[in-house]
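Engineer: take a look and give me a structure for this.
(chains A and B)
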Amino acid sequence: MIRAFKVVLCVLLLACCALAQTQLNGAGATFPYPIYSKWFNEYHNLHSDIQINYQSIGSGGGIRQVTAGTVDFGASDGPMTDEQLAQSKVKLLHVPTVLGAVVPAYNIPGVSGEVKFTPDILAGIFLGKITNWSDASIAKVNPDIKFPSQAITVAHRSDGSGTTYIWTDYLSKISPDWRDTVGKGTSVKWPVGVGGKGNEGVAGLIRQLPGSIGYIELIYALQNKINYGSVRNSSGQFIKASLESTTAAAAGVKVPADFRVSITNSPAKTAYPIASFTWLLIPTNPTDQNKGKILKDFLFWMLDQGQSMTEALSYAPLPKAVVELEKAAITKQVH
Amino acid sequence: MSGTVNEMNSPDSFNPSEKPATAIPTLAQTATQRKAISASSVLERIRQTHPRSSRMPDAAFAVLIVLTAISVFAIVAFVLWELVDKSKLSLHQFGLAFFYGHDWDPVNGDFGAMPFIYGTLVSSALALFIAVPLSIGVAVYVTEMCPIRLRAIISFLVELLAAIPSVIYGLWGIFVLAPLLREYVEPFLAKSLGWTGFFGGPMYGIGMLAAGIILSIMVVPIIASITREVLTAVPQSQREAVLALGATRWEMIRMGVLRNARIGILGGIILGLGRALGETMAVTMVIGNRPEVSKSLFAPGYTMASAIANQFTEATGDLYLSALVEIGLALFLVTLIVNALARLLVWSITGGRAGRARA
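Structural biologist: Residues are numbered from 1 along each chain as shown, chains lettered A, B, ... in the order given. A predicted model of the protein is given here:
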């Protein structure tokens, strides 16, 4: 009886070893979680002995884990600072994967159409200088919309997030006032407004509070059918966020060798000004050679087949030029 | 010592007056003739009074129980040590100024916890302000005035409130309570009580008032069920005595029942306060998450638990993390201090005496 049990146990253990699944672990940003989840699933279907796990604990957590070496790769919505890179135990390469756009969504009683925003209007609203929808500066760029005399309530993120980073990065670029008083970061000291947790929280606040305006990811605005406005880009065009205008934003910016670049306020003509890459943080000299090889293979697959899966989930694919640059960098730098 | 079961079976029993079990000289007989040994330790005592077969298990049991008791203190001490250790960076940078600083600026590395401490204390105070009369009222009704058939149903419904997850309360707060407050309650309060200064400013619906109301709903079942237990435990003779002195029904409840139960009621309030201080999810969804000290209850606020829950995962930078852990330390200390003050209050009311008159 005991003997039979021992035999069964040995057989089971052998069976587990025979499956020989290689498992990679990654952690980081929540924004690209849906597309990463799909990619890892598809990759597993192609290579059934490779399992890639991803935990969306937030960009900050992802950076912490990958620099300490507790996960095989990380993910972040905001690029790491020079300081963070220098402190990292592991040498990392930033690999952009998809593009996201952040839109100004609003709830103005009686206004259902698209509202045009200039950079100055957005900065004024978020600094607390423009306090009513009937303000002259808003009416000037929207001559055909009748605004009610409604107080503006700003909705922002209460938790640290890459979305906030993109929004404040844009505001810092177009408003010296914002840059000096608030600055950019995943979590900032907001001059006015109420905070909601997550994109869902801000979307909920916008829907509930009449006269509110907030910033959310394009996907949330589309899926929750919240009105969002167009923003004037640096070429003077009013662009409404879409997958094409987001990809155009990346195409118009010179991407440096380490891929750590901000593409907000992009100079391209059709670019949507409030867009950003999201990055995977890949160790360039991995201790486990096998895992390093698998990651490299996955990245090439992601840059080829993976990019065609992004549109279905409302993520903007990378422009072709950036894909080529990335392939070259990965071949050269990741061992 | 006498009358224990072990003694009958124990060959080492040294009760000289007891007759041995058999006439044949046994180990027991020789043992009873031994001189009395003075036991000086628990283990010595166990060795002498227990038969060999149960000595080891009993000793082990005694040690295990003592360890379990110590472990509770050990866990609290460990939590405190971890909090202090991880917040060393922030403690070193800001010192005591952290606890009364007003700025929360992650970009410039300037952190102050006053808005969070204020938010936690005010929302909990507001919750108790609303919940205590409500729960005592419910408990008094259920024990004193309710028809017997309805008693079980009402108690069950009140306790059901405690079973609802806090996220559900948060959702209900955003979708039902906030619009209600914004459309009807806040304008009414602003019109009638606006002169006090507590009900002014823009009306969002979400804010300190909404958080206080949600917290009070969450705290009511705790205080109500404990109060109900304590009121039921008051002896019937107390009620009868007060009635016999010519009291009305309300006077009877006040003098005979509530007065006797006040320690228990205070204990229930302290427990409810503990829940209110630590509640995170429901509060963070309706309080507006704005780190600002504001007199008006309509204004958004921020509590310590919400701050940690919101910002901990994405906190980049060691100082930022350390500041958040220090908020955790602040919450720990605030809870300790509030509990200590409440105990002090209880002690001062009773003057150290037992609070309930003996029947």
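Engineer: C-alpha from now on. contacts and neighbour counts both.
Structural biologist: OK.
Engineer: so who does the residue in the stretch 1-150 of chain B positioned nearest to chain A touch?
Structural biologist: Minimum separation of the stretch 1-150 of chain B from chain A (C-alpha to the nearest C-alpha) falls at residue B:105, amounting to 5.0 Å. By C-alpha atoms under 8 Å, 6 or more residues apart in numbering or on different chains, the residues touching residue B:105 are A:188-189, B:111.
Engineer: got it, and residue A:155?
Structural biologist: Contacts of residue A:155 by C-alpha under 8 Å, 6+ apart are A:193-196, A:202, A:205-206, A:212-215.
Engineer: which of these ranks first by neighbour count?
Structural biologist: residue A:205 (31 neighbours; other C-alpha atoms under 10 Å in any protein chain shown).
Engineer: would you put the C-alpha positions of the helix or strand hosting it in PDB?
Structural biologist: Assigned by DSSP states H and E, residue A:205 belongs to helix A:198-208. Output in PDB follows, covering the C-alpha atoms of helix A:198-208 (Å, rounded to 0.1, in the frame of the first residue of the first chain):
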ATOM      1  CA  GLY A 198      -8.000  54.600 -11.300                       C
ATOM      2  CA  ASN A 199      -9.300  55.500 -14.700                       C
ATOM      3  CA  GLU A 200     -12.600  54.000 -13.600                       C
ATOM      4  CA  GLY A 201     -12.700  56.300 -10.700                       C
ATOM      5  CA  VAL A 202     -12.200  59.400 -12.700                       C
ATOM      6  CA  ALA A 203     -14.600  58.200 -15.400                       C
ATOM      7  CA  GLY A 204     -17.200  57.700 -12.600                       C
ATOM      8  CA  LEU A 205     -16.600  61.200 -11.200                       C
ATOM      9  CA  ILE A 206     -17.000  62.800 -14.600                       C
ATOM     10  CA  ARG A 207     -20.300  60.900 -15.200                       C
ATOM     11  CA  GLN A 208     -21.600  61.900 -11.800                       C
END
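Engineer: just checking: what are the partner strands of the helix or strand just after it?
Structural biologist: Next along the chain after helix A:198-208, taking DSSP H and E as the criterion, comes strand A:212-217. According to DSSP bridges, strand A:212-217 forms sheet pairs with strand A:92-107 (antiparallel), strand A:153-157 (parallel).
Engineer: can I get those in TSV with mean pLDDT?
Structural biologist: Below are those laid out as TSV (pLDDT from 0 to 100):
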stretch	mean pLDDT
strand A:92-107	93
strand A:153-157	95
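Engineer: buried deepest among these, which one?
Structural biologist: Highest mean neighbour count among those (mean count of other C-alpha atoms under 10 Å in any protein chain shown): strand A:153-157, with a mean of 27.
Engineer: what about stretch B:247-267, start to end distance?
Structural biologist: From its first residue to its last, stretch B:247-267 covers 27 Å (C-alpha to C-alpha, to the nearest Å).
Engineer: rounded mean pLDDT for it, please.
Structural biologist: Averaged across stretch B:247-267, pLDDT comes to 90.
Engineer: and that stretch, which residues are buried?
Structural biologist: B:247, B:252-267 (16 or more other C-alpha atoms under 10 Å in any protein chain shown).
Engineer: swap in stretch B:183-203?
Structural biologist: B:186-187, B:189-190, B:194, B:198-200, B:203.
Engineer: give me the neighbour count for residue A:174.
Structural biologist: Neighbours around residue A:174, by other C-alpha under 10 Å: 19.
Engineer: so it touches residue A:119, yeah?
Structural biologist: Yes. In this structure residue A:174 lies within contact range of residue A:119 using C-alpha atoms under 8 Å: 6.4 Å.
Engineer: how about the residues of chain B that lie near chain A?
Structural biologist: Applying C-alpha under 8 Å from any C-alpha of the partner chain, we find that chain B lies next to chain A at B:104-107, B:174-175, B:179, B:204, B:284-285, B:288-290, B:300, B:310-311, B:313-316.
Engineer: narrow those to those in strands?
Structural biologist: Among the residues of chain B next to chain A, the members falling in strands (DSSP state E) are B:104-105.
Engineer: ok so, going back, top of the contacts of residue B:105 by number of neighbours, please.
Structural biologist: Most surrounded of these: other C-alpha under 10 Å gives residue B:111, at 23 neighbours.
Engineer: for that one, name its beta-bridge partners.
Structural biologist: Beta-bridge partners, per DSSP bridges, of residue B:111: residue B:104.
Engineer: and it, how far from residue B:324?
Structural biologist: 9 Å.
Engineer: do the same with residue A:41
Structural biologist: For residue A:41 relative to residue B:324 (C-alpha to C-alpha), the value is 36 Å.
Engineer: neighbour-wise, which of these two wins?
Structural biologist: residue B:324 (25 against 16).
Engineer: now do the contacts for that one.
Structural biologist: Neighbouring residues of residue B:324 by C-alpha under 8 Å, 6+ apart: B:87, B:307-308, B:311-312.
Engineer: scan chain B for its longest helix.
Structural biologist: In chain B, taking DSSP state H as the definition, the longest helix is helix B:52-86.
Engineer: where does pLDDT dip in the stretch 1-150 of chain B?
Structural biologist: B:1-40, B:43 (pLDDT under 70).
Engineer: which residues in it form helices?
Structural biologist: B:5-9, B:27-32, B:42-49, B:52-86, B:88-94, B:114-140, B:148-163 (DSSP state H, counting those that start in this stretch).
Engineer: with the stretch 101-250 of chain A instead?
Structural biologist: Here the stretch 101-250 of chain A has its helices, by DSSP H, counting those that start in this stretch, at A:119-127, A:136-141, A:162-174, A:176-181, A:198-208, A:218-224, A:243-251.
Engineer: for these, which one sits closest to chain B?
Structural biologist: helix A:198-208 (7.4 Å).
Engineer: just checking, what packs against that closest one?
Structural biologist: Other helices and strands packing on helix A:198-208, by 3 or more C-alpha pairs under 8 Å, 6 or more residues apart in numbering or on different chains; DSSP states H and E, are strand A:92-107, strand A:153-157, strand A:194-196, strand A:212-217, helix A:218-224.
Engineer: ok, and what's touching that helix?
Structural biologist: By C-alpha under 8 Å, 6+ apart, helix A:198-208 touches A:105-107, A:155-159, A:161, A:195-196, A:212-217, A:220-221, A:226, B:174-175, B:179, B:285.
Engineer: for stretch B:231-246, same thing?
Structural biologist: Contacts for stretch B:231-246 (C-alpha under 8 Å, 6+ apart): B:139-140, B:143, B:249, B:252-253, B:255-258, B:260-261, B:359.
Engineer: list the contacts of the residue positioned nearest the centre of chain B.
Structural biologist: By C-alpha atoms, centre = their mean, the mean C-alpha position of chain B lies nearest to residue B:271, the distance being 3.1 Å. For residue B:271, the contacting residues are B:222-223, by C-alpha under 8 Å, 6+ apart.
Engineer: circling back to that earlier point, of the contacts of residue A:155, which is the nearest to residue B:46?
Structural biologist: residue A:196 (62.5 Å; C-alpha to C-alpha).
Engineer: who does that closest one form a beta bridge with?
Structural biologist: Residues in beta-bridge contact with residue A:196 (DSSP bridges): residue A:157.
Engineer: from residue A:128, how far off is it?
Structural biologist: Going from residue A:196 to residue A:128 by C-alpha to C-alpha gives 18 Å.
Engineer: next one: residue A:12
Structural biologist: Separation of residue A:12 from residue A:128 (C-alpha to C-alpha): 66 Å.
Engineer: more neighbours: which of these two?
Structural biologist: Using other C-alpha under 10 Å as the criterion, residue A:12 and residue A:128 rank with residue A:128 on top: 17 against 12.
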